[in-house]
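1. Build me a structure from this.
(one chain, ligands or ions: 2)
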Amino acid sequence: MSVVTVQLGQCGNQVGLELFDVISNDAREAQKRTYCSASHERFFHTNTNGDLEARAVLIDMEPKVINHSMTKAVKSGKWKYGEKSYFSQKQGSGNNWANGFCVHGPQHKETVEELVRREVERCERLAGLMPIMSVAGGTGSGVGTYVTQCLRDAFPKSFILNHLTWPYGTGEVIVQNYNSVLTLSKLYRLSDAILVHENDTVHRICSQLLNIKHITFSDVNRVMAHQLGGVLQPALTPHSYGTFSRNPLGELVSSLACHPEYKLLSVCTIPQMPSSSIAYSTFAWPGLLKHLRQMLVSNTKMEEGIDWQVRPPSNSERSRGLPTHNFNRSLSNVLILRGKDVYSAETGSFEEPALYTSWLPSNAAFNAWKSPVSFNKYEKSATLVSNSQSLLQPLDNIVGKAWNMFASSPGSLPSKY
Ligand SMILES: Nc1nc2c(ncn2[C@@H]2O[C@H](COP(=O)(O)OP(=O)(O)OP(=O)(O)O)[C@@H](O)[C@H]2O)c(=O)[nH]1
Ligand SMILES: [Mg+2]
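-> Ligands and ions are numbered 1, 2, ... in the order given. Predicted coordinates:
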């Protein structure tokens, strides 16, 4: 089954470009034919000239980023975007959510819907739709939210997973917190699940784990794309009965977003290191999974600086209802393991009931997916997608800052908000 991606605004188009690049490289390097063809079916189709074309629609209210992404894809020599699968205008949405949602979105509804419909018709079977965007600018957040609403109407039975980039806390966009709150409040009703990358967190991974000195968006997007690829590339799931799972979005959503009030998903990966160090490192499943579990429990997105003191409550603490400070409680987790000896990896420590809320049986709260194909040059790697308390603090910060701005100068809010 196939996923149709909709890239919106500068961020969406740049993150999407990296994602398709990572996926096409991974599929090409994989030595397993069934893996490669499952990956292609998901993300690419072959055009009449025999070229791989991304199952993607590119949307922006200014032409520069789209032109850049399309050119870069062609230059890769491995894949491209469809020559007619884009829509751009002359002037952006000026970081104004309302301009995107109330003006540009409705103005171009028919054109955008037609582009997506054409892409969907190219799929033999549709797994779902994945809009990619930031929540801080005007086009990604405003038009992106409007387009998600149109997709929900046009494809009421399809899975919709939104991938969102949350802005730097010290943000470049003055109204980024308004834009974020408005986007999230709408998407919460429209989307099946919302996978979030925070720019601050990914930036820290680039500097502290990958030792990159002058970090660019391209570096940040590469890390995001690797994490997303680790989730979306083919794997064997409990429901796929020995073959690669058919519907990555459907399985992800049904495993993780089991309650309509809780849709925010975070992701973390291990290991992450400069490519020059990989050859000198050895990886063992018990060590990787022990670190990843503690990253989950202590809500650390990097294997550096993990707090080993934080732990879930013991049975007696749980029965007495004692609070456990700083412990990151989960609603559900999907653990995806890729690489050598994957079937021998022991994942029981992620099934412990103490990690989860008491109102969901922990066997329903945890799923492990596995693929024997190595990913992103690591002999073994693990990615955890988590529906947990992890995004509460950053969400509180965004909402708090939006209220503060509103309280201090409500008149500054553009009339359309
Ligand atoms: N990770 C990442 N963040 C980006 C990228 N480009 C922009 N951002 C972030 O996205 C936010 C700004 O949104 P943009 O995507 O530039 O805005 P837009 O959707 O093009 O909207 P307008 O330009 O207002 O029409 C800020 O929080 C930036 O930090 C990117 O390539 N990668
Ligand atoms: Mg822009």
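2. Give me every residue in the protein lying close to ligand 2.
-> 10, 92 (C-beta under 5 Å from the ion). (C-beta placed from N, C-alpha, C; glycine too.)
3. Recalculate using a threshold of 8 Å.
-> 9-10, 60-62, 65, 92-93, 137-140 (C-beta under 8 Å from the ion).
4. Which residue ranges of the stretch 301-417 of the chain form helices?
-> 315-319, 362-365, 392-408 (DSSP state H, counting those that start in this stretch).
5. JSON lines please, covering those and showing mean pLDDT and mean neighbour count.
-> Formatted as JSON lines, the helices of the stretch 301-417 of the chain follow (pLDDT from 0 to 100; neighbours: other C-beta atoms under 10 Å):
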{"stretch": "helix 315-319", "mean pLDDT": "73", "mean neighbour count": "11"}
{"stretch": "helix 362-365", "mean pLDDT": "80", "mean neighbour count": "15"}
{"stretch": "helix 392-408", "mean pLDDT": "91", "mean neighbour count": "14"}
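6. For this structure, which helix or strand comes out least confident on mean pLDDT?
-> helix 315-319 (a mean of 73; mean pLDDT, DSSP states H and E).
7. Look up phi and psi at the nearest residue in space to R222 that is not next to it in sequence.
-> Distance criterion C-beta to C-beta, 6 or more residues apart in numbering; nearest residue to R222, sequence neighbours excluded, is E18 at 5.5 Å. Dihedral pair for E18: phi -60, psi -40, per degrees, to the nearest 10.
8. In contact with E18, which residues?
-> Residues near E18 by C-beta atoms under 8 Å, 6 or more residues apart in numbering: 218, 221-222, 224-225.
9. want to throw those residues into JSON lines with secondary structure, neighbour count and pLDDT?
-> Output for the contacts of E18, formatted as JSON lines (DSSP: H, G, I helix; E, B strand; the rest coil; neighbours: other C-beta atoms under 10 Å; pLDDT from 0 to 100):
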{"residue": "S218", "secondary structure": "helix", "neighbour count": "11", "pLDDT": "97"}
{"residue": "N221", "secondary structure": "helix", "neighbour count": "23", "pLDDT": "98"}
{"residue": "R222", "secondary structure": "helix", "neighbour count": "21", "pLDDT": "97"}
{"residue": "M224", "secondary structure": "helix", "neighbour count": "24", "pLDDT": "98"}
{"residue": "A225", "secondary structure": "helix", "neighbour count": "22", "pLDDT": "98"}
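10. tell me how far the least confident helix or strand of the chain is from the chain's mean position?
-> 35 Å (C-alpha atoms, centre = their mean, to the nearest Å).
11. Use 432 as the first number for this chain going forward.
-> Will do, 432 is the new start, and the previous item becomes helix 746-750.
12. what about dumping the CA coordinates of that helix to CSV?
-> Extracted C-alpha coordinates of helix 746-750, given in CSV (Å, rounded to 0.1, in the frame of the first residue of the first chain):
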residue,chain,number,x,y,z
ASN,A,746,4.2,-2.2,42.4
SER,A,747,3.8,-1.1,46.0
GLU,A,748,4.3,2.6,45.1
ARG,A,749,1.7,2.1,42.4
SER,A,750,-0.8,0.4,44.6
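13. and Q607, which of the helices of the stretch 732-848 of the chain is closest to it?
-> Minimum separation from Q607 across the helices of the stretch 732-848 of the chain (C-beta to C-beta) falls at helix 823-839, 8.2 Å.
14. which secondary structure elements does the closest one contact?
-> Identification of packing neighbours for helix 823-839 by 3 or more C-beta pairs under 8 Å, 6 or more residues apart in numbering; DSSP states H and E yields helix 607-621.
15. Do the helix or strand that the helix it packs on is followed by and ligand 1 come into contact?
-> Going down the chain from helix 607-621, the next helix or strand is strand 624-629, by DSSP states H and E. No: using C-beta under 6 Å from any ligand atom, strand 624-629 never reaches ligand 1; the gap is at least 6.9 Å.
16. I figured E783 hits N794, correct?
-> No: with contacts counted by C-beta atoms under 8 Å, E783 stays clear of N794, the gap being 11.4 Å.
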